[in-house]
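A.B. asks: just coords:
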């Protein structure tokens, strides 16, 4: 056992003993896993353990798959990422603003985020689908928050529109397209687009829990008002709603250095941060590291560090789930983290980010610490 693996074991032994997290974690070096760990319960009621093939909702890690699907269509000659949005959804408003697919991919369209809008205006007894979200924008035309390329503003709406374009151009449902063109070619047999509240149960699937630590109580988010969106936005796909396993996500990250899905030039385009009108190509969105700003490509955040070199990363969050991927291409190191444990106190969810930072410290042979979680009293 290498020193890195030994230290990772120490970190996760501690986390398991302290019952601080639940999920699956993987660290790779030179294309091979040097550490895989699962801990916690996929189902608290049945006492089912999490395993390497346990599926989790990966939330916004979905965006990288949506971005790749768009680039598959580009290589098929069906679109260009610089095309205007109205070319493919002509009924959508804001034509005069010149919003392109590139703007949607890089969160620079200026469109407001539909999630906040639907939390305020949607009937929470009804499940919204992508078509409902698009219809709302057509009928109500909420104001843009900026001109395209004017600023970076994380926007789930853009990825709903991209999923719609994928369906219109391919003639396939979003989930079928990513399965045919991404999951199947990579052998990702435990990955799919999945709506938990609309579809039947999947074997070995991790339920996402809200954990009330001071009471040692687990609760599903569906009955908690602040997390009600898990029900009424369950039909939305493209910005989230893909479920996967830690081993399938490793197949995904490894493919990004190959031409299995698209050619190298297209991969380079995916990993090139966009440029804003003020010429900033970085330092306009938060990256993986505290205090370090990043740029944004097609479904990925992109950092540059003097010591670590280029960093390709993204995180995901949905009530009950946290996830993250960090790739260090200059060192051929990858970290993958998926969890089905959310905390009733939002600040406590920083534990997920802290754990990944400590995984990085270990992989780069720097001093690391054991994260601590304060006890919250109600």
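C.D. replies: Noted; the coordinates are in hand. Note that the structure is predicted; figures quoted are calculated from it, not measured.

A.B. asks: So which residues of the stretch 251-378 of the chain form strands?
C.D. replies: 285-286, 293-296, 301-305, 309-318, 321-328, 333-339, 341-343 (DSSP state E, counting those that start in this stretch).

A.B. asks: The ones you listed: which one's closest to residue 68?
C.D. replies: strand 309-318 (12.4 Å; CB to CB). All C-beta spots, glycine's among them, are computed from the backbone N, C-alpha and C.

A.B. asks: beta partners of residue 212?
C.D. replies: Applying DSSP bridges to residue 212 gives these bridge partners: residue 217.

A.B. asks: returning to what we had before: quick one: closest of the strands of the stretch 251-378 of the chain to residue 156.
C.D. replies: Of all those, strand 309-318 comes closest under CB to CB, at 11.1 Å.

A.B. asks: Tell me the helices and strands packed up against the closest one.
C.D. replies: Applying 3 or more CB pairs under 8 Å, 6 or more residues apart in numbering; DSSP states H and E, we find strand 309-318 packed against helix 62-75, strand 301-305, strand 321-328.

A.B. asks: Most tightly packed of these?
C.D. replies: strand 321-328 (a mean of 25; mean count of other CB atoms under 10 Å).

A.B. asks: did I read that right, residue 56 in a helix?
C.D. replies: No. Going by DSSP: H, G, I helix; E, B strand; the rest coil, the assignment for residue 56 is strand, not a helix.

A.B. asks: Next, count neighbours for it.
C.D. replies: 28 (other CB atoms under 10 Å).

A.B. asks: unless I'm mixing things up, it is touching residue 243, no?
C.D. replies: Yes. Contact between residue 56 and residue 243 holds when scored by CB atoms under 8 Å: they sit 6.2 Å apart.

A.B. asks: Give the intersection of the neighbour lists for these two.
C.D. replies: Taking CB atoms under 8 Å, 6 or more residues apart in numbering as the criterion, residue 56 and residue 243 both touch residue 205.

A.B. asks: Identify whichever of the strands of the stretch 251-378 of the chain lies nearest to residue 79.
C.D. replies: Closest among the strands of the stretch 251-378 of the chain, using CB to CB: strand 293-296, at 19.9 Å.

A.B. asks: residue ranges for the helices of the stretch 151-300 of the chain, please.
C.D. replies: 156-170, 174-178, 184-186, 229-232, 246-255, 264-270 (DSSP state H, counting those that start in this stretch).

A.B. asks: a markdown table for these, including mean neighbour count, mean pLDDT and distance to residue 44?
C.D. replies: Below are those laid out as a markdown table (neighbours: other CB atoms under 10 Å; pLDDT from 0 to 100; distance: least, CB to CB, whole Å):
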| stretch | mean neighbour count | mean pLDDT | distance to residue 44 |
| --- | --- | --- | --- |
| helix 156-170 | 23 | 98 | 29 |
| helix 174-178 | 21 | 98 | 28 |
| helix 184-186 | 14 | 98 | 32 |
| helix 229-232 | 19 | 96 | 17 |
| helix 246-255 | 21 | 98 | 20 |
| helix 264-270 | 15 | 97 | 38 |
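
A.B. asks: right, so of those helices, which gets closest to residue 200?
C.D. replies: Closest among the helices of the stretch 151-300 of the chain, using CB to CB: helix 174-178, at 14.2 Å.

A.B. asks: list the helices and strands that closest one packs on?
C.D. replies: The elements that helix 174-178 packs onto, with contact taken as 3+ CB pairs under 8 Å, 6+ apart, are helix 62-75, helix 156-170, strand 192-193.

A.B. asks: residues touching residue 42, list them.
C.D. replies: 48, 49, 50, 51, 54, 204, 205, 206, 207, 340.

A.B. asks: and the residues you listed, which are buried?
C.D. replies: 48, 50, 54, 204, 205, 206, 207, 340 (16 or more other CB atoms under 10 Å).

A.B. asks: which among the residues you listed gets closest to residue 176?
C.D. replies: Checking the buried ones among the contacts of residue 42 one by one against residue 176 (CB to CB), the nearest turns out to be residue 205, at 19.9 Å.

A.B. asks: On the pLDDT front, check that closest one for me.
C.D. replies: With respect to pLDDT, residue 205 has a value of 98.

A.B. asks: quick one: which of the buried ones among the contacts of residue 42 sit in strands?
C.D. replies: residue 48 (DSSP state E).

A.B. asks: Adding distance to residue 368 as columns, could you present the buried ones among the contacts of residue 42 in TSV?
C.D. replies: Below are those laid out as TSV (distance: CB to CB, whole Å):
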residue	distance to residue 368
48	31
50	23
54	26
204	31
205	32
206	26
207	30
340	24
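
A.B. asks: out of the buried ones among the contacts of residue 42, who's nearest residue 371?
C.D. replies: Checking these against residue 371 by CB to CB gives residue 340 as the nearest, at 18.0 Å.

A.B. asks: right, and that closest one touches residue 211 too?
C.D. replies: No. Assessed by CB under 8 Å, residue 340 is found out of contact with residue 211, at 9.9 Å.

A.B. asks: Would you tell me which of the helices of the stretch 151-300 of the chain gets closest to residue 67?
C.D. replies: Comparing those by CB to CB, helix 264-270 comes nearest, at 6.2 Å.

A.B. asks: Other residues contacting that closest one?
C.D. replies: Residues contacting helix 264-270 (CB under 8 Å, 6+ apart): 67-68, 71, 74-75, 81, 256, 259, 262, 297-300.

A.B. asks: Lowest-confidence member of these, which is it?
C.D. replies: Among the contacts of helix 264-270, residue 259 has the lowest pLDDT, at 94.

A.B. asks: gap between residue 274 and residue 240?
C.D. replies: Separation of residue 274 from residue 240 (CB to CB, to the nearest Å): 21 Å.
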